[in-house]
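A.B. asks: Need the 3D shape of this:
(chains A and B)
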Amino acid sequence: MNFDLDENQSLFKAAVERFSASTDIPARLRTRKLDGGFDRARWKEMAELGLIALAASEVDGGLGGSSLDCAVVAQALGRGQAVEPWLECGFLPARLLAGTSIVESIISGETLAAFAFAEAGRRYAMDAVQVRARKTAGGYLISGEKQFVLGGATADLFVVTANLDGRTVAFVVPKDAKGVAVKAFPVVDGSFAAVLMLHDVLVEAPLPNGTERLDKAVDDGRLMAAAEMTGLAHRVFDDTLDYVKTREQFGQPLGRFQVIQHNMVGGYKKVELMESALYRALLAQPENWANEMRGLKAFVGEAAIAVAHLAVQMHGGMGTTDELGIGHGLKRIMLLSKLFGDPASDLAAFARAA
Amino acid sequence: MDMNFSTEDLAFRDTVRDFLGKKLNARLREGAANTPSVFTEPDITREWQSILYEKGWLASSWPVEDGGPGWTPMQKYLFEKECAIAGTPALPILGLRLVGPVICKFGTPAQKAYFLPRILSGEDYWCQGYSEPGSGSDLASLKTRAVRQGDKYIINGSKIWTTHAHHANWIFALVRTDADAKKQEGISFLLIPMDQSGISVTPIITMANEHEVNATFFDNAESSVENLIGAEGQGWTIAKYLLENERGGSCAAPSLLVSLDRLEELAKSLPSGVNGALIHDPVIAQRIAKLRLETQAFETTELRILAELVKGRPAGPQTSLIKLISSNLRQSIQQLEVDLFGYDGLQLPVSRPLYGNEAPEPIGSREAQLAMPRYLNGRAYTIFGGSNEVQRTIIAKQVLGL
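C.D. replies: Predicted structure coming up:
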C-alpha cells in the first residue's frame, strides 16, 4: 500500500505550483477586469506546461494522463487558487472532443472551448430537451437555448448537448457559425459565463457514442471539481491557520483561545477526510465509477463549503472582502459544488444507486 | 399565559399598516427588495426617512422630548414588525439608532439642539468609527489618538469597516485621549466632521462586489472639544450603552419569516429538474420546514424578552442570544435561497444598484440575481457588532455563570 505521488505526478504538481505562484490577489483582480475575465496569454502558458495535454489521450496528441494524474493537477490548481478555467475549458473539452482533430488546438491553448449542457428551468438535469437537432441536407440543424455555459463568454467553440430523436448527443458548434448568439454574464468566481442561443445552426454530425462520451466526461468532471475543491479547502484552511497564529486580539494570538482551537480542529478534520475521500474515489472500480464520483462530489462539496465558511468567520471582517484569497476560495467552491449537480442532488443520486 | 396583543396594540398595528400601505411607494419597495447588502443606499433611505419624519415616526428609540414618537416597547415592536412585513427600506441606523440615542442620553443641551434635528431631517449622514485594523473583537485595544490642543482635538489613526463613510458628513468615533490610562479608561467618544483635508476614505470592496464599507484615515484631523460626548475617558461606557441599544429590543424574527414565506413560494414555482416543482424534493421541503420551526421558536423568544421589557425589566445579556440565533438563521436562509435557484443562483452581478433603470439584466429572474450577493454579504452577520464567538463568551459568562 502506498499513497505517494509518482515522479510524473510530482513534476506536474510542481509545475502547477510554479504556474500559480504569481497569481496573487491583485493579479487575480486584474485578470477579472480583462475582456471576459480571462487572460489568453496565461492560458497559452498553462498549455505550454502540458497541463491541458495531460487530459487528452496520446492518440489525440495529448499526454494520456490517468484520472489520478489529472486530479493531482486539479487539486494543485485549487491549492494555488489559479484563475484559469482548466476544468471548464481544458479538461472537459479535451475529454468531450476525444478522437476529433480539434483536440490538438485545445491542447495548444489555441482554441478555447466551452461545454453547453444546462437548460433553463431544468435545474441540474443533464439530458437535453429544449435544444433539439434534426438531420438535414448537408448536416444537422440545431436550435434552442443553453444556460450557464462556463467559460462561454470567451469560447471559440461550444460542445452542445442536444436532443436528437429522443437521445442526448453532443455537437460541435463554432461561435461564428450562422445563427449563434452569445450573451455573457458574470458568475460568482469572477469569470464570465454565457447564455448560448442557437437558431437553426447548421452543424456537422454529432460526436460518436454521444451518450457514453457525455456520461464519462461528466463523471470525470465531477472528480476534477472535487479535486479542485479539496485543494481550495486546503488552501483557505492553511491561510486561516497562519492567520490565527499571528493575529493578536486580547493580548494574544487568536489561536491561543480554546474556542478558536476547537473550530480549527473541526476544519482540519474535514480537510483530512476530503483528501481521503478523493484518494478512495480515485481507486474506484470502473463498474462503480459514476456513482463513486457523485458520492465524492457530494461529500467534498459540503465539506468544502463548511471549511470556507470557517475560514471567513475566523478572519472576521477581512474574510468578507475581496482582498484575501479566503473570499475567492469560497466563491470558487460555491461554483464547483454546484457544477453538474449540488451536494444534495449528488447525494440523492448516490443514495439511489447504493 | 397568552401570546395575544391587546386591543389597543392591534389598533396601533392597524394604524401603522394603513400608513405603510399608503406611503410605501413602488420605487421604495423595489429599492428595499432589490438591495442585497446590509445597508440600503442613501437615495432610497433618504426618501423613506423624510416620509417617516413628516409623520413623526422616525426615531422610535428616542425620548419624546428629543423628537421620538413616545412609543411603548410593544408599539416599537409592532412598528418594526409591520415594516418587515411591508418590506420598507432600511433606515440610516448609524444616526437614528446608534449615535442618536447616545446624544439623547449623554449629550449636553447644546449638542442635542445642534445634532438631533439634523439627524432627524437627514441633513447629517453618520458613519461609525469603532474597529481598527488591529482592533476587531478586542475593541478596547484601539489606538487612534485624539490629543487636545486648545479648543480642539487633533486626531491621528485609522478606522476600518466604516460603513457608508463615503456618504457621511459626520463620524462618531472611539478615540484614545489618554495614552497612559488602562485600556478602557483612556477611551473617549468623539464626533468628527468628515469634510476636512485630514480625513481620507478608501473603499473596501466586499466579496459580493459591493462598496459598502471603507477604511478611514485620520492625519491630523480636527474636531472641536464641543464635539466630545460625555467626559474624557467615558467613551467605553458610552460604547457599551450604544452596543446594547444596537442589540436590545429586537424584532428580527418577522423579517426572517417573511424571507421564509418568500422562499417557500419560490420553491413551489422553481423546477426540481426531476419531479415537478422543487417543493416536492423532500430535502428542500425539510430544510424550509426546519428553518420555519426554529424561526417561529425564535420569534417567541423575542416576544418573551419583549414581555419583560413591557414590565420594565432590562433585556440584559439575552440580547447576545438574539444576535447569535438571528445571525445563524439569516445565513441558513440565505444559503437555502442560493440553493433554490440552481445554476441561476451562481450569477454575481458586478455593478450596482440592482433596482431602477440602470440595473444589470438578470439571468432567470431578479430574485435569482440577488441570491448570491445576499448570501455573500450575509457571511458578515456572524462577525459585525461583536462576532458570534464574542457573543458566546458573553452568554457563557453572564447568563450561564461559567
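
A.B. asks: C-alpha only now, for contacts and for neighbours.
C.D. replies: Fine.

A.B. asks: Minimum distance to chain A, which residue of the stretch 301-402 of chain B gives it?
C.D. replies: Nearest to chain A, among the residues of the stretch 301-402 of chain B, is B:Gln347, at 4.1 Å (Cα to the nearest Cα).

A.B. asks: Need the nearest residue in space to that residue, chain neighbours excluded.
C.D. replies: Among residues not flanking B:Gln347 along the chain, A:Val187 sits closest, at 4.1 Å (Cα to Cα, 6 or more residues apart in numbering or on different chains).

A.B. asks: give the contact list for the one you found.
C.D. replies: A:193, B:346-349 (Cα atoms under 8 Å, 6 or more residues apart in numbering or on different chains).

A.B. asks: and if you look at B:Gln335?
C.D. replies: Taking Cα under 8 Å, 6+ apart, we find B:Gln335 in contact with B:Tyr375.

A.B. asks: Shouldn't it be within a helix?
C.D. replies: Yes. Using DSSP: H, G, I helix; E, B strand; the rest coil, the secondary structure at B:Gln335 is a helix.

A.B. asks: How much space separates it from B:Tyr343?
C.D. replies: 14 Å (Cα to Cα, to the nearest Å).

A.B. asks: Return, as residue ranges, the portions of the chain with sub-threshold pLDDT.
C.D. replies: No chain specified, so I'll use chain A. In the predicted model of chain A, no residue satisfies pLDDT under 70.

A.B. asks: hmm, I had chain B in mind actually
C.D. replies: Using pLDDT under 70, chain B drops low at B:245-249.

A.B. asks: how about 80 then?
C.D. replies: For chain B, the stretches flagged by pLDDT under 80 are B:243-249, B:314-317.

A.B. asks: Strands of the chain, start to end?
C.D. replies: Since you didn't name a chain, this refers to chain A. A:113-116, A:132-136, A:139-149, A:157-164, A:167-174, A:180-186, A:192-203, A:248-249, A:252-253 (DSSP state E).

A.B. asks: Actually, chain B is the one I wanted.
C.D. replies: Applying DSSP E to chain B gives strands spanning B:126-129, B:145-149, B:152-160, B:170-176, B:187-193, B:199-205, B:211-224, B:228-229.

A.B. asks: what's the spacing between the longest one and its chain's center?
C.D. replies: Think strand B:211-224. Strand B:211-224 sits 21 Å away from the centroid of its parent chain (Cα atoms, centre = their mean, to the nearest Å).

A.B. asks: Ok, stretch B:144-156 next?
C.D. replies: Distance, centroid of stretch B:144-156 to centroid of chain: 30 Å (Cα atoms, centre = their mean).

A.B. asks: same thing with stretch A:329-338?
C.D. replies: For stretch A:329-338, the separation from the chain centroid amounts to 9 Å (computed by Cα atoms, centre = their mean).

A.B. asks: who touches that stretch?
C.D. replies: A:81, A:188-189, A:225-226, A:229, A:232-233, A:236, A:297-298, A:301-302, A:304-305, A:308-309, A:343, B:342-343, B:346.

A.B. asks: out of those residues, which are inside helices?
C.D. replies: When the contacts of stretch A:329-338 are checked against helices (DSSP state H), the matches are A:225-226, A:229, A:232-233, A:236, A:297-298, A:301-302, A:304-305, A:308-309, A:343.

A.B. asks: Highest neighbour count among those residues?
C.D. replies: A:Lys297 (37 neighbours; other Cα atoms under 10 Å in any protein chain shown).

A.B. asks: ok, and does stretch B:265-281 reach over to chain A?
C.D. replies: Yes. Using Cα under 8 Å from any Cα of the partner chain, stretch B:265-281 reaches chain A at B:270-274.

A.B. asks: Now do the end-to-end distance for that stretch.
C.D. replies: First residue to last in stretch B:265-281 (Cα to Cα) measures 14 Å.

A.B. asks: So what touches that stretch?
C.D. replies: Residues contacting stretch B:265-281 (Cα under 8 Å, 6+ apart): A:121-125, B:264, B:284-285, B:340-341.

A.B. asks: Farthest-apart pair in the residues you listed, please.
C.D. replies: A:Ala125 and B:Glu264 (21.7 Å; Cα to Cα).

A.B. asks: Alongside chain A, which residues does the stretch 1-150 of chain B contribute?
C.D. replies: By the rule Cα under 8 Å from any Cα, the part of the stretch 1-150 of chain B lying against chain A is B:134-138, B:141.
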